[in-house]
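>>> Whatever this is, show me its structure:
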Amino acid sequence: MADTGWTRRDMLGSAALFAAVVGIPVAAVRMSEATETVSDRQRAMLRETAQIVIPATATPGAADVGADLFVLLALEHGLDGTRAPAAGSALPVTERRNVRRDGSFDYLAWLERRLDAGAHRDFLKAPPAQRLAVVAAMDAAAYAEAGPDAWESPWRKLKSLILTGYYTSQDGASRELRYELVPGRLDADIPYKPGTPAWSSDWTAVEFS
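Numbering: from 1, shown residues only. Modelled structure (predicted):
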């Protein structure tokens, strides 16, 4: 079985980050039976996918800072509508097996099946280049132009949560991005040099539905 790196210390750190993002006390962050029964394989696939989305460069990657653990908590607490009833008639027949008994969509089960199908094998045993290609193809398909009534790929929410988890972490907010607690003044027009990091922002002010 894959080593997910899942430890109590990681869990507590992700809980604190999650609480800060959504503006609730850490004590209110819970792990229900649904999250506790997430398989080690699903955790490993989420971790690998997060690291592909934001790989380690001069700064840590998404999985290095625990963005995957943040996603687990976010899915459990229904962040960004992820515990709402599935899309009903708009849901493709092939995706209905990923709907739980309570009507909500199982994002991790979907991701596991989608990655294995894309790799035509065990995704975790595929070469790194193939894993990258599978995630890239999934991403491109999810953001392809479609009509307003089209079913939205679950990947959109998963990717959004990975990015939120990363850029609200200390490394994501203050190393990957530039952060200044008190800017002091507004510079409306400043020179830009290629490779200059973007400025961080107050993600805790974002309203999630």
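>>> In space, what's closest to residue 109 - neighbours in sequence excluded?
Spatial nearest neighbour of residue 109, chain neighbours left out: residue 98 (5.1 Å); criterion: C-beta to C-beta, 6 or more residues apart in numbering. (Glycine included, C-beta is placed from N, CA and C.)
>>> got a list of what the one you found touches?
Residue 98 makes contacts with 105, 106, 107, 109, 110, 113, 154, as judged by C-beta atoms under 8 Å, 6 or more residues apart in numbering.
>>> what two of the residues you listed are the furthest from one another?
Spanning the widest gap among those are 105 and 113, at 12.5 Å by C-beta to C-beta.
>>> neighbour-wise, which of these two wins?
More crowded of residue 105 and residue 113, by other C-beta atoms under 10 Å: residue 105, with 22 against 16.
>>> What segments of this protein are helices?
Ranges of helices in the chain, per DSSP state H, are 8-22, 33-36, 40-53, 67-76, 107-119, 128-142, 154-167, 170-171.
>>> Let me have those in JSON lines, extended by distance to residue 93.
Shown next, in JSON lines, are those (distance: least, C-beta to C-beta, whole Å):
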{"stretch": "helix 8-22", "distance to residue 93": "34"}
{"stretch": "helix 33-36", "distance to residue 93": "24"}
{"stretch": "helix 40-53", "distance to residue 93": "23"}
{"stretch": "helix 67-76", "distance to residue 93": "23"}
{"stretch": "helix 107-119", "distance to residue 93": "14"}
{"stretch": "helix 128-142", "distance to residue 93": "18"}
{"stretch": "helix 154-167", "distance to residue 93": "15"}
{"stretch": "helix 170-171", "distance to residue 93": "42"}
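>>> Which stretch among these approaches residue 188 most closely?
helix 154-167 (24.1 Å).
>>> residue ranges with poor pLDDT in this protein?
Counting by pLDDT under 70, the low-confidence segments of the chain come to 1-36, 87-90, 145-150, 177-185, 187, 196-209.
>>> Of the helices of the chain, which stretch is the most buried?
When the helices of the chain are scored by mean count of other C-beta atoms under 10 Å, the highest mean neighbour count falls to helix 67-76 (a mean of 26).
>>> That one packs against which elements?
helix 8-22, helix 33-36, helix 40-53, helix 154-167 (3 or more C-beta pairs under 8 Å, 6 or more residues apart in numbering; DSSP states H and E).
>>> Quick check: residue 124 touching residue 47?
No: in this structure, residue 124 is not within contact of residue 47 by C-beta atoms under 8 Å, at 9.9 Å.
>>> re the thing from before, tell me how far the residue nearest to residue 109 lies from residue 165.
As judged by C-beta to C-beta, to the nearest Å, residue 98 and residue 165 stand 22 Å apart.
>>> Check the gap between residue 38 and residue 72 for me.
7 Å.
>>> ok, now which ones touch residue 153?
If a contact means C-beta under 8 Å, 6+ apart, then residue 153 has 138, 141, 142 as its contacts.
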